[in-house]
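Engineer: no sequence for this one, just the structure:
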């Protein structure tokens, strides 16, 4: 089975072709990603209108490259998959409309993929893992702990009540004058800092649920920074190191609770899986390793290029659904918000931030 995947939910314009064998294994034939960092850097964050326009300008060429690198024509495709949300609605419309056009012209099945489901299923492409497993999804827009029990079957065990982890990293970077994208800049500065200099809170630690909260920690960083008469580069490094240490401690605690909840409901997970751009942070990867080891389960982390947004994960999610006979009609709608767990409700204290729930 050959599937083209299209990803345009935020600031990466991406397309890929994957091959799914009858035994369920997968192979990436091409995976083209064009980041829009340069377009958004001077604004200190992603500007939705600029992102959508860039997708319009770039997507056709990206798809051509993906098909050419895979060495196939559109007539050979068994399906076309596009991220239909959640994400910035302008970009989602561009990707889904393009996929519909390809599917219609070449009489090929269409799959409208949930972007979060694509992250959730990526370890089945990279590592061939069986269900069930526990997913830690952490990015600029989402922070969730999810029980993955089958294609289309997800139970959210924990989520953020305010900022996502990646969002908090970006906002801390911005308040400290670090360039966009902020996450890698905070990680880099933290490597040269004293993580014990500032005593930041460890949000939600010790609570019986597996939810996250980052807004109070972010405020604590702003408060400490405002107390400094003049912020030196070392101050920035120490603030970043102390902030990151608090995130690490909180994350470890939340994951321990999440794994406990997983066992209570589904038995032992086959693995703890990490996905999303934040999973590329080396310090966070270290915490995930420690948590998995303590829990007696394996840790699976796709390569960084497959943790961040990409077309291969969309193509793979499409292939997984096609293998079950699931397709979508041309009436499939783009969605700015789209819960992975359809039965999930907003947690106590939830604020309507970009992170959603």
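Structural biologist: Structure's in. What do you need? Since the model is a prediction, treat every value here as computed from it, not as a measurement. Residues are numbered from 1 along each chain as shown.
Engineer: centroid-wise, who is the farthest residue in this structure?
Structural biologist: For the chain, the residue at maximal distance from the C-alpha centroid (Cα atoms, centre = their mean) is residue 229, at 37.2 Å.
Engineer: what secondary structure does it sit in?
Structural biologist: The local conformation at residue 229, judged by DSSP: H, G, I helix; E, B strand; the rest coil, is coil.
Engineer: equivalent analysis for the one 5 residues further on, please.
Structural biologist: Secondary structure, three-state DSSP: residue 234 is helix.
Engineer: before we move on, back to that, so the residue farthest from the centre of the chain versus residue 239, what's the distance?
Structural biologist: Using Cβ to Cβ, to the nearest Å, we find residue 229 at a distance of 14 Å from residue 239. (C-beta placed from N, C-alpha, C; glycine too.)
Engineer: could you do residue 312 as well?
Structural biologist: On the measure of Cβ to Cβ, residue 312 and residue 239 end up 36 Å apart.
Engineer: equivalent analysis for residue 296, please.
Structural biologist: Applying Cβ to Cβ, the value for residue 296 to residue 239 is 36 Å.
Engineer: compare these two (neighbour count), which wins?
Structural biologist: Neighbour count, other Cβ atoms under 10 Å: between residue 296 and residue 239, residue 239 has more, with 27 against 8.
Engineer: who are the contact partners of the more buried one?
Structural biologist: The contact partners of residue 239, by Cβ atoms under 8 Å, 6 or more residues apart in numbering, come to 172, 176, 193, 198, 221, 224-225.
Engineer: skipping adjacent residues, who's closest to residue 249 in space?
Structural biologist: residue 202 (4.8 Å; Cβ to Cβ, 6 or more residues apart in numbering).
Engineer: which element is residue 102 on?
Structural biologist: Per DSSP states H and E: residue 102 is located in helix 89-105.
Engineer: let me see the ranges of the helices in the stretch 151-300 of the chain.
Structural biologist: 165-175, 182-190, 215-227, 233-266, 282-295 (DSSP state H, counting those that start in this stretch).
Engineer: which parts of stretch 322-342 are buried?
Structural biologist: 322-323, 327-328, 332, 334-335, 338-341 (16 or more other Cβ atoms under 10 Å).
Engineer: so where's the stretch 251-357 of the chain uncertain?
Structural biologist: The model of the stretch 251-357 of the chain has pLDDT under 70 over residues 349-357.
Engineer: now do the chain
Structural biologist: In the predicted model, the chain carries pLDDT under 70 at residues 349-357.
Engineer: spatially central residue for it, please.
Structural biologist: Central residue of the chain (Cα atoms, centre = their mean): residue 276, at 2.9 Å.
Engineer: show me the contacts for the nearest residue to residue 301 once chain neighbours are set aside.
Structural biologist: Among residues not flanking residue 301 along the chain, residue 274 sits closest, at 4.6 Å (Cβ to Cβ, 6+ apart). By Cβ under 8 Å, 6+ apart, the residues touching residue 274 are 135-136, 138, 284-285, 288, 299-302, 307.
Engineer: next: residue 182.
Structural biologist: For residue 182, the contacting residues are 169-174, by Cβ under 8 Å, 6+ apart.
Engineer: ok, back up a step: got the contacts of residue 274 as TSV, with distance to residue 46 columns?
Structural biologist: Compiled in TSV, those are given as follows (distance: Cβ to Cβ, whole Å):
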residue	distance to residue 46
135	24
136	23
138	17
284	21
285	24
288	26
299	30
300	28
301	25
302	23
307	18
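Engineer: quick one: which of the residues you listed is nearest to residue 77?
Structural biologist: residue 302 (23.7 Å; Cβ to Cβ).
Engineer: can you report phi and psi for that closest one?
Structural biologist: The phi and psi values for residue 302, taken as degrees, to the nearest 10, are phi -60, psi 160.
Engineer: how about it, what does it touch?
Structural biologist: Taking Cβ under 8 Å, 6+ apart, one finds 122-123, 125-127, 274-275 in contact with residue 302.
Engineer: re the thing from before, which among the contacts of residue 239 gets closest to residue 10?
Structural biologist: residue 172 (19.5 Å).
Engineer: residue 246 versus the closest one, what's the distance?
Structural biologist: Shown here: residue 172 relative to residue 246, a distance of 11 Å by Cβ to Cβ.
Engineer: again with residue 50
Structural biologist: Going from residue 50 to residue 246 by Cβ to Cβ gives 33 Å.
Engineer: these two: which has the busier surroundings?
Structural biologist: Using other Cβ under 10 Å, the more surrounded residue of residue 50 and residue 246 is residue 246, with 22 against 15.
Engineer: how many residues are close by the residue nearest to the more buried one when sequence neighbours are not counted?
Structural biologist: Closest residue to residue 246 apart from its sequence neighbours, by Cβ to Cβ, 6+ apart: residue 200 at 4.1 Å. Neighbours of residue 200 under the rule other Cβ under 10 Å: 23.
Engineer: all set, thanks.
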